[in-house]
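Undergrad: When you get a sec, could you give me coordinates for this:
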Amino acid sequence: MPPLYPNKLKAIVGEFYLMESRLNNRSKKAHKKIQSWKASHNAVDADEHYREQFTNLVKFSFFNLVTNAYVLVHEGYFERPLKN
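TA: Numbering: from 1, shown residues only. Sure, this is the predicted structure:
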């Protein structure tokens with residue numbers, strides 16, 4: 001399959017743009033989740049069971065403990081040579 005961009009610089013810029021836009025979208029989603037979590041805790045008529053479920057959802061989706069080795073393996077750090 002031919003490369004998307006014939007120029008390597010354009011390919012790097014394209015990859016950066018895609019990664020940056022994905023990161024921005026994920027950040028916006030996370031911000032919306034946190035804002036709705038705060039709003040649910042401040043609501044007077046919110047049911048206690050609903051608050052507990054939502055707290056668990058936020059806690060398990062944002063505050064997971066991940067080891068450094070897991071992140072390095074996931075990013076492929078050990079599979080490619082170091083470029084220092």
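Undergrad: which regions of this protein lie under the pLDDT threshold?
TA: 1-5, 44-46, 63-64, 81-84 (pLDDT under 70).
Undergrad: Show me where it has its strands.
TA: Using DSSP state E, no strands are found in the chain.
Undergrad: can you map out the helices along it?
TA: 8-42, 48-62, 68-74 (DSSP state H).
Undergrad: Tabulate those in CSV, adding columns for distance to residue 80 and mean neighbour count.
TA: Using the backbone N, CA and C atoms, a C-beta is placed for each residue, glycine as well. Below are the helices of the chain laid out as CSV (distance: least, Cβ to Cβ, whole Å; neighbours: other Cβ atoms under 10 Å):
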stretch, distance to residue 80, mean neighbour count
helix 8-42, 15, 11
helix 48-62, 30, 12
helix 68-74, 11, 10
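Undergrad: what's the first-to-last distance across stretch 55-71?
TA: 25 Å (Cα to Cα, to the nearest Å).
Undergrad: typed the wrong thing, it's stretch 57-77
TA: Note: stretch 57-77 ends 30 Å apart using Cα to Cα.
Undergrad: which other residues reach it?
TA: Contacts to stretch 57-77, defined as Cβ atoms under 8 Å, 6 or more residues apart in numbering, come from residues 30, 33, 34, 37, 78.
Undergrad: Report the two of those separated the most.
TA: 37 and 78 (36.0 Å; Cβ to Cβ).
Undergrad: Residue 70 and residue 28, how far apart?
TA: 25 Å (Cβ to Cβ, to the nearest Å).
Undergrad: my bad, should have said residue 37
TA: In this view, residue 37 and residue 28 are 15 Å apart by Cβ to Cβ.
Undergrad: Contacts for stretch 27-35 next, please.
TA: 58, 61, 62.
Undergrad: Columns distance to residue 17 on top of the residues you listed, output as a markdown table?
TA: Below are the contacts of stretch 27-35 laid out as a markdown table (distance: Cβ to Cβ, whole Å):
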| residue | distance to residue 17 |
| --- | --- |
| 58 | 30 |
| 61 | 27 |
| 62 | 26 |
